[in-house]
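[1] following is a predicted model, sequence given first.
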Amino acid sequence: MNHSCLGEAKKNKEAAKKIRLLVSDIDGTLIPNNKKLTQETLAAVKKLKDAGIHLCLVSSRPPQGIQMFFKELGIITPFAALNGGEVIGNNGTILSSMAMDFQDASEVCDLLQQNDVNAWLFGGFDWSVFNIHDQFIAHEMDVVGSKPDVIDRIDQYKNRIVKIEGVTTNTVLLDAMAEKINEKYEGRVKALRSSDHYLDITHPKANKGFAAIELGRQYGIDISEVACIGDMDNDIPMLEIAGLSIAMGQSSSRVCQHAHFQTKTNEENGWAEAVEKYILPRA
């Protein structure tokens, strides 16, 4: 169990006493590393429903990679895909979409590829790649349940570009690329690492904080009565503003310092523990 940053959870902001909506990240949070929902998590979801607390999902995944969990969870609720770049209603309607400027997207793709980082393009349900031999593609196909289109040039991609994924095994390089992109395109593009191998690059306002506010708005719930739970850098924008914020046990100190509480890891049913220990008592 890794609670290395437990003592660094934020203390300067009081946690909400009433929670009406839980906005949850998926990978590294709702599900363990085998990507399968546990019985403990499913039981916790039922308790949320019985307590009248809504559950909405937010992820850097494309829409189809989120909807694949709805049947097993027994929910049909609005959700946010592509790191908050698209918020989608429970009837499939796109409630908001924030695309990147095409010229910026083109330059970012060039920058990634010049540094031997593969670039994937996402918009709506579309996913395109430049290098079909990328070792992470097969894994991503299993995760999201769809295949990518292969293109040679970015101008062959005809949909809106909501997210660029930078992909490599070199985590240090991803952090360096994030710093470089955020400095060069400040105010126009935002790069945040969503795993050791993925760098999410989006419109600067397309983040999970924006998504949490929008999802709350669908129910008429202010962010002060919204709980958010996540594990990575791209979860920080929602952890910062939530009425109650919870970091997973494996989160870095960089993430934990924005949370009220830290639960166990995703491999230890930390999500279910967070529901029982921190959220249900505030129903």
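    Looks like it arrived, so ask away.

[2] now the strands for the stretch 1-150 of the chain?
    Per DSSP state E, counting those that start in this stretch, the stretch 1-150 of the chain has strands spanning 21-24, 54-57, 79-81, 86-88, 94-97, 118-123, 126-129, 149-150. These are given in chain order.

[3] Ser59 touches Gly65, doesn't it?
    Yes: using C-beta atoms under 8 Å as the test, Ser59 is close enough to Gly65 to be in contact (6.9 Å). Every C-beta, even on glycine, is put in place using the N, C-alpha and C of the backbone.

[4] ok, those two, which is more surrounded?
    Ser59 (28 against 21; other C-beta atoms under 10 Å).

[5] list phi and psi for the closest residue in space to the more buried one that isn't next to it in sequence.
    Closest residue in space to Ser59, ignoring its immediate chain neighbours: Ile26 at 4.4 Å, by C-beta to C-beta, 6 or more residues apart in numbering. For Ile26, the backbone dihedrals (degrees, to the nearest 10) come out as phi -110, psi -70.

[6] neighbours of Ile26, how many?
    One way to gauge burial is a neighbour count; for Ile26, by other C-beta under 10 Å, it gives 22.

[7] state the pLDDT value of Pro62.
    Per-residue pLDDT puts Pro62 at 89.

[8] my read is that it contacts Ser146, right?
    Yes: taking contact to mean C-beta under 8 Å, the distance of 7.4 Å between Pro62 and Ser146 places them in contact.

[9] list the residues that contact both of those two?
    Common neighbours of Pro62 and Ser146 are listed as Phe125, Trp127 (criterion: C-beta atoms under 8 Å, 6 or more residues apart in numbering).

[10] more neighbours: which of those two?
    Pro62 (25 against 15).

[11] any idea how far the more buried one is from Phe125?
    Using C-beta to C-beta, to the nearest Å, one gets 6 Å for the distance from Pro62 to Phe125.

[12] which neighbours do the two share?
    With C-beta under 8 Å, 6+ apart applied, the overlap between the contact sets of Pro62 and Phe125 consists of Ser146.

[13] where along the protein do the helices fall?
    Chain-ordered helices for the chain, with DSSP state H as the definition, fall at 39-50, 63-67, 70-73, 102-114, 137-144, 171-184, 208-218, 236-241, 253-256, 270-274.

[14] same list, the ones you listed, but as JSON lines with distance to Arg193 please.
    Supplementary listing: the helices of the chain in JSON lines, determined by distance: least, C-beta to C-beta, whole Å:
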{"stretch": "helix 39-50", "distance to Arg193": "25"}
{"stretch": "helix 63-67", "distance to Arg193": "18"}
{"stretch": "helix 70-73", "distance to Arg193": "27"}
{"stretch": "helix 102-114", "distance to Arg193": "13"}
{"stretch": "helix 137-144", "distance to Arg193": "16"}
{"stretch": "helix 171-184", "distance to Arg193": "6"}
{"stretch": "helix 208-218", "distance to Arg193": "13"}
{"stretch": "helix 236-241", "distance to Arg193": "11"}
{"stretch": "helix 253-256", "distance to Arg193": "10"}
{"stretch": "helix 270-274", "distance to Arg193": "20"}
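
[15] lowest-confidence stretch among these?
    When the helices of the chain are compared on average pLDDT, helix 137-144 comes out lowest at a mean of 86.

[16] give me the contact list for it.
    Among residues not part of helix 137-144, those counted as contacts by C-beta under 8 Å, 6+ apart are Asp27, Lys35, Arg61, Pro62, Gln64, Gly65, Met68, Trp120, Trp127, Val129, Lys147, Pro148.

[17] what do you get if the cut-off is 10 Å, keeping everything else the same?
    Contacts with helix 137-144, where a contact means C-beta atoms under 10 Å, 6 or more residues apart in numbering, come from 26-27, 35, 59, 61-66, 68, 118, 120, 122, 125, 127, 129, 131, 134, 136, 146-148, 150, 165, 167, 197-198.

[18] having no further points to raise, I will conclude here.
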